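**Q** Give me coordinates for this.
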Amino acid sequence: MSAAGAQRSRRRSRGPGRDRAGREPLPRSAWTRLAACTAAAALLQLDGTVITVALPSVARSLHVSSSATATVLSAYFVSYAVFLFPGGRLVDRFGARSVALVGLGLFAAGAALGAIVSSLGLLVATRVLQGAGAGLVSPAALAGAVSGFPPERRGGALGIWGASAGVSNLIGPLLGGLLTVALGWRADWWALVPLALLAALAIERHLPSIVHEMGPAGRDPLPAGRIGAAAFTAGLTFAVMIGSFYLAEQYLQRAVGYSALGASAVLVLVALLVGAAAPLSGRLVDARGERFPAVLGFATAGAGLALLAIPSVSLHGIGSILLLVPVGVGLGLLFVPTSRAALNAVPAASHGRVSSLLSVARLVGAAAGAGLAGLALAGGPTAATVHDALAVAAALCLLAGLPAGSRLGDRAEPVHSAGVALGDG
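**A** Below is the predicted model:
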């Protein structure tokens, strides 16, 4: 048979409208749900980077020290973490759309109030309100994003979800810098208001109100093994990523003499690689299960960190930038398998709680990574201390990450759960 004939035969065997794997095409509504929920989640990522850029101007305007403005960030993240578990339970009980809309409303109100306050104390209070909104939005957005995808095809959706975080981390500093320079720091807060309202409009239009059947009082037990491995993997990923970013930022600015912009440019490369690797990871997860990309991600990131930890290797210049490539790609491969493994281990009625658990694990991991990196540099950001800290990060990837990633499983049979659509939004 000729090559053209064989291709026609394959197309006939797939049937009209099927993809190369012989699967039915997904409805357009699955993609619009994903887009709406991804936009809401990206807003939460954007907030931190936009506000961080504005903090020096906040300190000058409100006549407080630069260190005092750190409470503007910490208040947001603490409130965010505190409301994640209640947010997850509310999602499972009342549906993702209702909880996301309430959360975005609180977030927008906090941003609007923050733009008009005249003291640091009041500004911190508005950030607590924003954090509470974020804690509701986060689990609702993740549960809603995958709600239109069958369990075996959630990897592709989560890959797009992961890439959006990288894009937000790139856009945030640019947007924050432009607004602060052109219009003042209050413009950064005002900008978040229409963005939150647009995200709410997209959620209201495209995410149906879905309530799933639940066990008594919604307290169905969660399977500890696979979800525990996913949460540990998520926390370890963020510990390594945030800790390594902190080490690089401190060393390049304080020891090498890079400007803040120059040091940030190096980290932008890593953020780009993380974002680019997420869709690849989604395809791998759907094709081969969660174990392979998780193990590959830890092995790749660990190898890059181990090479950077060699005492004779320079930590600045083109050589170190090249070694950051496997680190960024490896970390980018880890986001999708952890989320899909956890979500596919439970029925849709428990997606809110699982989403909140993953978010808490990531926040705890980020805090631990930053704290450990800070302790490592207590004596100063010398090349020797940074090499040692990177060696520890490599060991965590290879000795803790590989076993955890291997426990995520291959194409385990997912749990299915029927939902009751109460409206199409």
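**Q** List the buried residues in stretch 110-121.
**A** When neighbours are counted by 16 or more other Cβ atoms under 10 Å, the buried residues of stretch 110-121 are found to be 110, 111, 113, 114, 115, 117, 120. Where you see a C-beta, it was placed from the backbone N, CA and C, and this is true even at glycine.
**Q** swap in stretch 247-256?
**A** In stretch 247-256, counting by 16+ other Cβ under 10 Å, buried: 247, 248, 249, 250, 251, 252, 253, 255.
**Q** in which helix or strand would I find residue 142?
**A** Secondary structure from DSSP states H and E places residue 142 in helix 120-145.
**Q** Name the next helix or strand downstream of that helix, please.
**A** Next element after helix 120-145 (DSSP H and E): helix 154-183.
**Q** Which positions within that following helix qualify as buried?
**A** Buried, per 16+ other Cβ under 10 Å, within helix 154-183: 154-169, 172-173, 175-177, 179-180.
**Q** got TSV for the buried residues of stretch 247-256, with distance to residue 142, pLDDT and secondary structure too?
**A** What follows is these, written out as TSV (distance: Cβ to Cβ, whole Å; pLDDT from 0 to 100; DSSP: H, G, I helix; E, B strand; the rest coil):
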residue	distance to residue 142	pLDDT	secondary structure
247	29	80	helix
248	29	79	helix
249	28	71	helix
250	32	74	helix
251	34	80	helix
252	33	78	helix
253	34	70	helix
255	39	80	helix
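**Q** ok, so of those residues, who is nearest residue 276?
**A** residue 248 (18.9 Å; Cβ to Cβ).
**Q** Does that closest one touch residue 269 like I think?
**A** No - assessed by Cβ atoms under 8 Å, residue 248 is found out of contact with residue 269, at 10.6 Å.
**Q** any idea which of the buried residues of stretch 247-256 is closest to residue 331?
**A** When those are compared against residue 331 (criterion: Cβ to Cβ), the nearest one is residue 248, at 13.1 Å.
**Q** Skipping adjacent residues, who's closest to residue 282 in space?
**A** residue 159 (2.3 Å; Cβ to Cβ, 6 or more residues apart in numbering).
**Q** Correction: the previous question concerned residue 184.
**A** Closest to residue 184 by Cβ to Cβ, 6+ apart is residue 57, at 6.8 Å.
**Q** and the gap between that neighbour and residue 294?
**A** 41 Å (Cβ to Cβ, to the nearest Å).
**Q** same thing with residue 320?
**A** Distance from residue 320 to residue 294, by Cβ to Cβ: 26 Å.
**Q** ditto for residue 199
**A** 30 Å.
**Q** Between the two, point out the one with more neighbours.
**A** A count of neighbours by other Cβ atoms under 10 Å puts residue 294 above the other of residue 199 and residue 294, at 31 against 27.
**Q** So that one belongs to a helix, correct?
**A** Yes - counting by DSSP: H, G, I helix; E, B strand; the rest coil, residue 294 is found in a helix.
**Q** so what's it up against?
**A** Residues in contact with residue 294, defined by Cβ atoms under 8 Å, 6 or more residues apart in numbering, are 233, 333, 334, 337, 338, 341, 404, 405, 406, 408.
**Q** run the last query once more with 10 Å
**A** When contacts are counted by Cβ atoms under 10 Å, 6 or more residues apart in numbering, residue 294 touches 229-230, 233, 237, 281, 284-285, 333-334, 336-338, 341, 401-402, 404-409.
**Q** follow-up on the earlier one: could you tell me which of the buried residues of stretch 110-121 belong to helices?
**A** Among the buried residues of stretch 110-121, the members falling in helices (DSSP state H) are 110, 111, 113, 114, 120.
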